[in-house]
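1. Return a 3D structure for these sequence lines:
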Amino acid sequence: MTNQMIEARQQGNFPSNDPTQGLMQDHEFVKKLMHRYLETQDMQVKTMAGPQICEALQMHISLEEAVFYPRVRELDTDLIDRCETDHERADELITQLQALTPGAEEYDKLMQQLQQTILSHITAEEEQLFPKVRSSSINLQDLALKMKAYESNQVSDHATGGQTRRPGAQH
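-> So this is what the prediction gives:
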């Protein structure tokens, strides 16, 4: 998990009564990093932001697929399937990015593709899925606690040098 995401979580910024708010915070963080990466020619910024974007997305994808989606799948199976397909595409792009140097022409092209995939995915979640979750009978506090526990394990794994991959990813 990137340092900024870790700091936000340690400061209690993952709402305990609505886990969708925490996911939206992740969305905003990644959108800002992607914008920063794609709008600069500063190689130092690209070198730092590129890997941070990949890592933040891996953590977010892992959290959604391990805890969030299984719990909310019943609300809209087709939408969750679409979101998981978006994750697969993002994971493919991240794998390609990790084999390249941030700032290289091919890296920049892949980052643009990743941004398009992620922005479409964020729109589907925030405009379609999250409202369904909020208006459902799902216990959001229980879900938020499970998500916090999962994230704590991710942070611990990251601190000990472990890799975070989404469940079932082929690598």
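
2. how about the helix or strand hosting residue 154: buried residues?
-> Using DSSP states H and E, residue 154 maps to helix 140-159. Of all the residues in helix 140-159, those buried under the rule 16 or more other C-beta atoms under 10 Å are 140, 143, 144, 146, 147, 148, 151, 154, 155, 158. Any C-beta I mention is one placed from the backbone N, CA and C, and that applies to glycine too.

3. okay, these in a markdown table with pLDDT next?
-> A markdown table is the format used below for the buried residues of helix 140-159 (pLDDT from 0 to 100):
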| residue | pLDDT |
| --- | --- |
| 140 | 95 |
| 143 | 95 |
| 144 | 93 |
| 146 | 93 |
| 147 | 93 |
| 148 | 89 |
| 151 | 86 |
| 154 | 79 |
| 155 | 73 |
| 158 | 66 |
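
4. Kindly indicate which of those residues lies nearest residue 122.
-> residue 147 (17.4 Å; C-beta to C-beta).

5. Number of residues surrounding the residue lying closest to residue 37 once chain neighbours are set aside?
-> Spatial nearest neighbour of residue 37, excluding adjacent residues (C-beta to C-beta, 6 or more residues apart in numbering): residue 49 at 4.2 Å. Around residue 49 there are 23 other residues, counting by other C-beta atoms under 10 Å.

6. what's residue 49 in contact with, if anything?
-> Residues in contact with residue 49 (C-beta atoms under 8 Å, 6 or more residues apart in numbering) are 33, 36, 37, 102.

7. three-state assignment of the second one?
-> In terms of secondary structure, residue 36 is helix; the call rests on DSSP: H, G, I helix; E, B strand; the rest coil.

8. what stretches of the chain score poorly on pLDDT?
-> 1-14, 158-171 (pLDDT under 70).

9. swap the cut-off to 80 and go again
-> Where the chain drops to pLDDT under 80, the residues are 1-16, 154-171.

10. Pull the contacting residues for the residue nearest the centre of it.
-> To find the centre residue of the chain, average its C-alpha atoms and take the closest one (C-alpha atoms, centre = their mean): that gives residue 60, at 2.8 Å. Taking C-beta under 8 Å, 6+ apart, we find residue 60 in contact with 23, 26, 30.

11. show me where the protein has helices.
-> With DSSP state H as the criterion, the chain has helices at 3-10, 19-39, 43-63, 69-72, 77-98, 105-124, 130-134, 140-159.

12. re earlier: ok, which pair from the buried residues of helix 140-159 is furthest apart?
-> 140 and 158 (25.9 Å).
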